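*Asks:* Dropping a prediction and its sequence here:
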Amino acid sequence: MPISDLANPTRFLAFAGRLLPWLWAVTAIGLAVGLYLGLFVAPADFKQGDMVRIMFIHVPFAWLSMACYGVMAVAALGTLVWRHPLADVAQKAAAPIGAAFTFLALVTGALWGKPTWGTYWVWDARLTSVLILFIIYLGLIALWQSVEDPGKAARAAAILTLVGTVNIPIIKFSVDWWNTLHQPASVFRLDGPTIDPSMLWPLMIMAAAMTLLFASLLLMAMRNEILRRRVRAMQIVAATG
């Protein structure tokens, strides 16, 4: 099926219905393998001990909190520029998922920070910018809920999403631009990862599995949003008929 055909909501629903069972199965296997490797196979850190194992959950949540916003930014362009019929559906469906991932990144980071830094929270650049990202997600969700007209809500949310993208490079490079307690990048570096392969591979497997989890949740949420809009359209027709 050509990708352009997925712009048709009916065809998208059929495609998602066929793909989701397989996607969930691969996601479950990936999460099981990643968690096993991270919790039982990867070695303990010589400084942090077994507490370092929270990395295998925290880091994928943190990566996906930004990746999800990137998906929403592309969807926002699809709404404003390309007028793709499912762009606003994808953006609205992704916002709660991104908010959940960002919240979990903040919580797991706080749990990791307590034994590492001696405190659950510090107002440094990385933590503050991630908190701002969480607030942006909540603002977008509130905007979708408060504007009844789907078209107006989609355009307003798209504009706010694109404005909020300025925060993504701040999150990414905050550890390089300012002095923070948060450690600098250790995986995606020009000179290569600084993490030992015994920890790097479980981390990458968990990141891939969590990405599949995001894709599964997004497809489910998009299906639900399309069906919700169809029910709303039927209710409007019934009320005016």
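*Replies:* Happy to help now that I have it.
*Asks:* show me the contacts for residue 133.
*Replies:* Counting by C-beta atoms under 8 Å, 6 or more residues apart in numbering, residue 133 touches 65-66, 69, 102, 164, 167-168, 171. Any C-beta I mention is one placed from the backbone N, CA and C, and that applies to glycine too.
*Asks:* Look up how far residue 209 lies from the residue nearest to the spatial centre of the chain.
*Replies:* Closest to where the C-alpha atoms of the chain average out (C-alpha atoms, centre = their mean) is residue 68, at 3.4 Å. Distance, residue 68 to residue 209, by C-beta to C-beta, to the nearest Å: 15 Å.
*Asks:* where's the dip in pLDDT among the contacts of residue 133?
*Replies:* Looking at these by pLDDT, the weakest one is residue 171, with 92.
*Asks:* Verify the stated contact: that one with residue 67.
*Replies:* No: the criterion here is C-beta atoms under 8 Å, and residue 171 misses it with residue 67 at 11.5 Å.
*Asks:* elements contacting the longest helix seen in the chain?
*Replies:* The residue-count maximum for a helix in the chain (DSSP state H) belongs to helix 197-240. Packed against helix 197-240 by the contact rule (3 or more C-beta pairs under 8 Å, 6 or more residues apart in numbering; DSSP states H and E) you find helix 9-36, helix 55-77, helix 87-117.
*Asks:* Check which helices and strands the longest one sits against.
*Replies:* What it means is helix 87-117. If you count contacts as 3+ C-beta pairs under 8 Å, 6+ apart, helix 87-117 packs onto helix 55-77, helix 125-146, helix 150-164, helix 197-240.
*Asks:* what does the first one give?
*Replies:* The contact analysis (3+ C-beta pairs under 8 Å, 6+ apart) places helix 9-36 against helix 197-240.
*Asks:* Show me how far the helix it packs on is from its chain's centre.
*Replies:* Mean-position distance between helix 197-240 and its chain equals 11 Å (C-alpha atoms, centre = their mean, to the nearest Å).
*Asks:* Same question for stretch 140-159.
*Replies:* Distance, stretch centre to chain centre, for stretch 140-159: 19 Å (C-alpha atoms, centre = their mean).
*Asks:* Need the CA coordinates for it. PDB is fine.
*Replies:* Only the C-alpha atoms of stretch 140-159 are listed here, as PDB (Å, rounded to 0.1, in the frame of the first residue of the first chain):
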ATOM      1  CA  LEU A 140      -1.300  21.600  24.300                       C
ATOM      2  CA  ILE A 141      -3.600  19.000  25.900                       C
ATOM      3  CA  ALA A 142      -5.600  21.700  27.600                       C
ATOM      4  CA  LEU A 143      -5.800  23.700  24.300                       C
ATOM      5  CA  TRP A 144      -7.200  20.700  22.500                       C
ATOM      6  CA  GLN A 145      -9.800  20.300  25.300                       C
ATOM      7  CA  SER A 146     -10.800  23.900  25.500                       C
ATOM      8  CA  VAL A 147     -11.300  24.700  21.800                       C
ATOM      9  CA  GLU A 148     -14.400  22.900  20.600                       C
ATOM     10  CA  ASP A 149     -13.900  23.500  16.900                       C
ATOM     11  CA  PRO A 150     -11.400  20.800  15.700                       C
ATOM     12  CA  GLY A 151     -10.100  22.900  12.900                       C
ATOM     13  CA  LYS A 152      -9.400  25.900  15.100                       C
ATOM     14  CA  ALA A 153      -7.900  23.700  17.800                       C
ATOM     15  CA  ALA A 154      -5.600  22.000  15.300                       C
ATOM     16  CA  ARG A 155      -4.300  25.300  13.900                       C
ATOM     17  CA  ALA A 156      -3.700  26.800  17.400                       C
ATOM     18  CA  ALA A 157      -2.100  23.700  18.700                       C
ATOM     19  CA  ALA A 158       0.200  23.500  15.600                       C
ATOM     20  CA  ILE A 159       1.400  27.100  16.100                       C
END
